[in-house]
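K.L.:
Give the three-dimensional model of this entry:
(2 chains, ligands or ions: 1)
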Amino acid sequence: MTAPGIVTISDGSASSSPGNAPGGDARAALVALLARSSRGDEAAFAELYDLTSAKVYGLARRVVRDPAQAEEVAQEAYLEVWRQSTRYDEARGNPLAWILTIVHRRAVDRVRSAESARERDTRYAALGDGPEYDEVAEAVTATLETARVRKALTSLTEVQREAITLAYYGGYTHREVSELLDVPLGTVKTRMRDGLIRLRDTLGVEA
Amino acid sequence: MTSDAPDIHTLSGAYALGALDADEAAAFERHLESCAACRDEVRSFGAATASLGEVVETPAPDRLRAAVLAGITEIRPLPPHVAPDDPSTSTTGSGEELALRRRARDRRSSRWLQVAAAVLAVVAAGALWRTVALTQQVDTVTATAAAVSTVLTAPDARAVTGVVSSGGRAAVVTSDQLGRAVLVTDGLAPAPAGSTYQIWYLDSAGAATSAGFVPAGEHATVLLQGSPVGAAAVGVTLEPAGGSAQPTTKPVLAVAV
Ligand SMILES: [Zn+2]
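P.N.:
Numbering: from 1, shown residues only, chains lettered A, B, ... in the order given. Predicted coordinates:
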């Protein structure tokens, strides 16, 4: 359980801000704010920012690690959300999921870009030590959703969990994950898939 | 489409996690066009991967809010239909447009068609990602264009110019209020093979902090990483590809800011 890359989600205070509360109200609020944003309503976007910034910055920070770069990634992602706000379609799913997909894509692009080559080497080096992982994990807040996801992650086998967390939070390709875990590439592919199937079914979520 | 490796279906998980490289993602997207099982599966993973993203929270720095809200004043949200002259969608071209048109049509259609449309949208997003990966530099410039123009038009913006000793000239524009700086180069000589131009903030004691890299090309506009507040100068050195932790060569440019 102490292998590198495992998500350690701390038990913090169970308090959650209204915007972070899972459920229909937050979702409906975000849908409405995106609709207003798509018409150029800057005040609506400011509200959307306040409801989502901890998650957006948290995910960017988790993947790229460097605070300054995470800030840039979060900023670029928000500008893309603003620009693409017309493209969000409620029928397509949760607005927060849509926003976080944009953030994740940009964060992964950042860690894989040539500019980040040096930091990437550092990330590899840091994998041996582990403590770097806790630094961000301790900022994780325990909300209902967090507890749910944490529980779902514990239902995975160790290889499934490591493969998924290294890919999603670490931004590593499946080849890199194979190398890091010293597991054949074919096994990594199937563990990622099996793990996601299990995670999906445990969380009981449908897009 | 018929030449797919037999085990290509197993890539759905890696694809949903963003763990494929650009070429593999492109191949898998071609596969998605002909494989309904993988389309359904990729779609079904969407909420699970989003849940992974939702549970990581860190309070954002206050200046991020200011930068975002300043940035959006420079950008107009896309119109309801794909604008042909939009820079980011034109690079992905007809694929995304097609997907969007289909989606619009499908809203009046059966649930099955809605599912197919959702998958097309996923594919379009993947295609965008691939293009971004292939044109990282261009994209970085485009993505930060708003932030750049925010710096250039800041009320307290100051510009200093200098000559690059290896060829070309450069200007550095800083805004202490925004805590951002922009480097603009003109006629910059190409970096020798295996090396790259790295940008540094230098404080009054001479300590250097990396502020990013100058992308290849004669003309570049770079939003520097980090803040110029407290910096005495901005310098550029030639460093081995991938960059250095500290400058290892004599600066080709150094301007007081
Ligand atoms: Zn398939």
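
K.L.:
interface residues of the stretch 1-150 of chain B facing the ion?
P.N.:
Neighbours of the ion within the stretch 1-150 of chain B, by CB under 5 Å from the ion: B:9, B:35, B:38. For every residue, glycine as well, the C-beta is placed using N, CA and C.

K.L.:
From those, pick the one nearest chain A.
P.N.:
Checking the residues of the stretch 1-150 of chain B next to the ion against chain A with CB to the nearest CB, the nearest one is residue B:9 at 8.6 Å.

K.L.:
Could you report the neighbour count for the closest one?
P.N.:
16 (other CB atoms under 10 Å in any protein chain shown).

K.L.:
ok, the closest residue to residue B:240 other than its chain neighbours - contacts?
P.N.:
Spatial nearest neighbour of residue B:240, excluding adjacent residues (CB to CB, 6 or more residues apart in numbering or on different chains): residue B:195 at 5.9 Å. Taking CB atoms under 8 Å, 6 or more residues apart in numbering or on different chains as the criterion, residue B:195 is in contact with B:238, B:239, B:240, B:241.

K.L.:
and if we set it to 10 Å?
P.N.:
B:237, B:238, B:239, B:240, B:241, B:242, B:243, B:249 (CB atoms under 10 Å, 6 or more residues apart in numbering or on different chains).

K.L.:
ditto for residue B:225
P.N.:
Listed by CB under 10 Å, 6+ apart, the contact set of residue B:225 reads A:66, A:68-69, A:71-72, A:115, B:180-181, B:199, B:201, B:209-213.

K.L.:
a helix runs through it, doesn't it?
P.N.:
No: going by DSSP: H, G, I helix; E, B strand; the rest coil, the assignment for residue B:225 is coil, not a helix.

K.L.:
follow-up on the earlier one: mark which of the contacts of residue B:225 are part of strands, please.
P.N.:
Among these, the ones falling in strands (DSSP state E) are B:180, B:181, B:199, B:201, B:209, B:210, B:211, B:212, B:213.

K.L.:
quick one on the thing from earlier: which of the residues of the stretch 1-150 of chain B next to the ion are close to chain A?
P.N.:
Of the residues in those, proximity to chain A by CB under 10 Å from any CB of the partner chain holds for residue B:9.

K.L.:
picking up where we left off before, from the ones in strands among the contacts of residue B:225, which is closest to the ion?
P.N.:
residue B:213 (39.2 Å; CB to the ion).

K.L.:
Can you classify the closest residue to residue B:248 other than its chain neighbours by secondary structure?
P.N.:
In space, and not counting its chain neighbours, residue B:248 is closest to residue B:239: 6.1 Å by CB to CB, 6+ apart. Following three-state DSSP, we place residue B:239 in the strand state.

K.L.:
quick one: residue B:239 from residue A:100, how far?
P.N.:
35 Å (CB to CB, to the nearest Å).

K.L.:
Could you do residue B:250 as well?
P.N.:
From residue B:250 to residue A:100 the distance is 45 Å (CB to CB).

K.L.:
When these two are compared, which one has more neighbours?
P.N.:
The neighbour count for residue B:250 versus residue A:100, taken as other CB under 10 Å, is higher for residue A:100 (26 against 10).

K.L.:
Tell me how far the more buried one lies from residue B:38.
P.N.:
22 Å.

K.L.:
Is it correct that residue B:232 is in contact with residue B:209?
P.N.:
No: using CB atoms under 10 Å, residue B:232 is not in contact with residue B:209; the gap is 11.6 Å.

K.L.:
Quick check: neighbours shared by these two?
P.N.:
Jointly contacting residue B:232 and residue B:209 under the rule CB under 10 Å, 6+ apart are B:201, B:202, B:203.

K.L.:
Give me the pLDDT value at the second one.
P.N.:
Among the per-residue scores, residue B:202 holds a pLDDT of 80.

K.L.:
what number of residues lie near it?
P.N.:
Other residues close to residue B:202 by other CB under 10 Å number 20.

K.L.:
Where do the helices of chain A begin and end?
P.N.:
A:24-38, A:42-64, A:67-84, A:95-112, A:117-126, A:131-137, A:144-154, A:158-168, A:174-181, A:185-203 (DSSP state H).

K.L.:
Let's have these in CSV, adding mean pLDDT and distance to the ion.
P.N.:
Below are the helices of chain A laid out as CSV (pLDDT from 0 to 100; distance: least, CB to the ion, whole Å):
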stretch, mean pLDDT, distance to the ion
helix A:24-38, 90, 31
helix A:42-64, 95, 27
helix A:67-84, 95, 28
helix A:95-112, 92, 21
helix A:117-126, 50, 31
helix A:131-137, 37, 34
helix A:144-154, 81, 25
helix A:158-168, 93, 19
helix A:174-181, 93, 16
helix A:185-203, 95, 11
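
K.L.:
Mind putting these into CSV with distance to residue B:156?
P.N.:
Converted to CSV, those look like this (distance: least, CB to CB, whole Å):
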stretch, distance to residue B:156
helix A:24-38, 28
helix A:42-64, 22
helix A:67-84, 20
helix A:95-112, 28
helix A:117-126, 31
helix A:131-137, 34
helix A:144-154, 41
helix A:158-168, 40
helix A:174-181, 43
helix A:185-203, 49
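
K.L.:
where does residue B:191 land in three-state SS?
P.N.:
coil.

K.L.:
Disregarding flanking residues, what is the spatial nearest neighbour of it?
P.N.:
For residue B:191, the spatially nearest residue (CB to CB, 6+ apart) is residue B:197, at 5.4 Å.

K.L.:
Let me know the distance separating that neighbour from residue B:249.
P.N.:
For residue B:197 relative to residue B:249 (CB to CB), the value is 11 Å.
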